[in-house]
Structure formats: structure tokens, C-alpha cells
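Visitor: Build me a model:
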Amino acid sequence: MIALYPNYYRVNNWQPILNFLQQSLYAEEMVCARSSELFHIPQTQDLKGNNEMHNHLIPASYHRVTSVGSARRLVNGEQRQSIIATMTTCIVNAEKQDKGVREGLKVMEENASPEYKPVIKLIIQWQKQAEAYLKQAKDSLQAMGVSFPSGNEQQGGEY
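Guide: Numbers count the residues shown, from 1 in each chain. Take a look at the predicted model:
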């Protein structure tokens, strides 16, 4: 299957893609850590929207981790189209899950007490960063000529 992308390995540097994906994952780590902490604070342990948001955050995180691992493999010299397919599918799947994360964060912000609204706003900013870096990775891959599965197809590796 390498024939689909025969020149990528020789002419393209995967490091920028890895960097964008790692930055997206780092921002996701902050979203996870900050929103999960709310479950351990009495005033926010039952905050409406947090459970629902986590139903999307967990698979979004899985797909980011997998895309980073795939990019790392390419940076380290592995040369299989299936690695690229895994990475692009996981980017698309993370994008899909991010929509649910955003919706849950909106519900959380609407239902948080005034003292916790700034906390939710900070989580929203981290989520925006996670999405922006993911988009930069996707845009860079598309500029390299890498195609992405359409959002309508059933994606392998769906969590």
C-alpha cells in the first residue's frame, strides 16, 4: 500500500505534523485535568454537562494519542501508508468528538456558579487550543497531498 504515497517519505518532513499533534494533545491534557478536577470539588461534582462532555472527551483524547503515536512512527522512519491512514482517521474522529466536547462545555458554563465560570472559560480556551493545533496538523497534511476520509464514512478505530 505504500504506492499510494510513494514520495512522502523522501520529500516530506513529518516533524512539524508531530509537533502540531503534540501541542493539540498537551492542550487536551489540560482540558482533561481541569474538567476532571471538577468531579472532586463539592460545588462542581454534579455540574450539568460535565458527564456528557466527558463522553466525548475520552474518545477525543484516545484519537489524539493515536494520531501522535502514528506521527511519531513516521518521524522515526516507518514508511507504511497504513500509518498515515491511521493518523488521518484519528484526526477526523477527534474532530467529530470535539463537537460534543464544545457542546458539553457550553452547558457547563451556563450551569456553573459565578465563582466557577472563570474555570470553565479557561477549559474552553484550552479546548480551542486543542482544536486549533489539530486543524494545523490537518491543514499541513493536506498541503502535503495527504487525503482525509470524509466525515460521512464509517471510521475504523472508532472508540
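Visitor: going forward, measure contacts between C-alpha atoms and count neighbours the same way
Guide: Noted.
Visitor: can you tell me which residues contact residue 140?
Guide: Taking Cα atoms under 8 Å, 6 or more residues apart in numbering, we find residue 140 in contact with residue 17.
Visitor: For it, give its distance to residue 84.
Guide: Residue 140 sits 13 Å away from residue 84, going by Cα to Cα, to the nearest Å.
Visitor: now swap in residue 110 and tell me
Guide: 39 Å.
Visitor: Those two - which one has more neighbours?
Guide: The neighbour comparison of residue 110 against residue 84 (other Cα atoms under 10 Å) goes to residue 84, with 22 against 15.
Visitor: Spatially nearest residue to that one, not counting backbone neighbours?
Guide: residue 70 (7.1 Å; Cα to Cα, 6 or more residues apart in numbering).
Visitor: Make sure that neighbour is actually in contact with residue 83.
Guide: Yes. Look at residue 70 against residue 83 with Cα atoms under 8 Å: they come within range, at 5.8 Å.
Visitor: Just give me the neighbour total for residue 37.
Guide: As a burial measure, residue 37 scores 12 neighbours (other Cα under 10 Å).
Visitor: low-scoring stretches of this protein, by residue?
Guide: Applying pLDDT under 70 to the chain flags residues 1-12, 151-159.
Visitor: Torsion angles phi and psi at residue 59?
Guide: phi -70, psi -30 (degrees, to the nearest 10).
Visitor: The residue nearest to residue 84: neighbouring residues, count only.
Guide: 22.
Visitor: and it, what element?
Guide: helix 50-75 (DSSP states H and E).
Visitor: Give me the buried stretch members for that helix, please.
Guide: 50-54, 56-75 (16 or more other Cα atoms under 10 Å).
Visitor: ditto for stretch 117-125
Guide: For stretch 117-125, the neighbour count (16+ other Cα under 10 Å) marks 119-120, 123-124 as buried.
Visitor: and residue 47, backbone torsions?
Guide: When quoted as degrees, to the nearest 10, the phi and psi of residue 47 stand at phi -60, psi 120.
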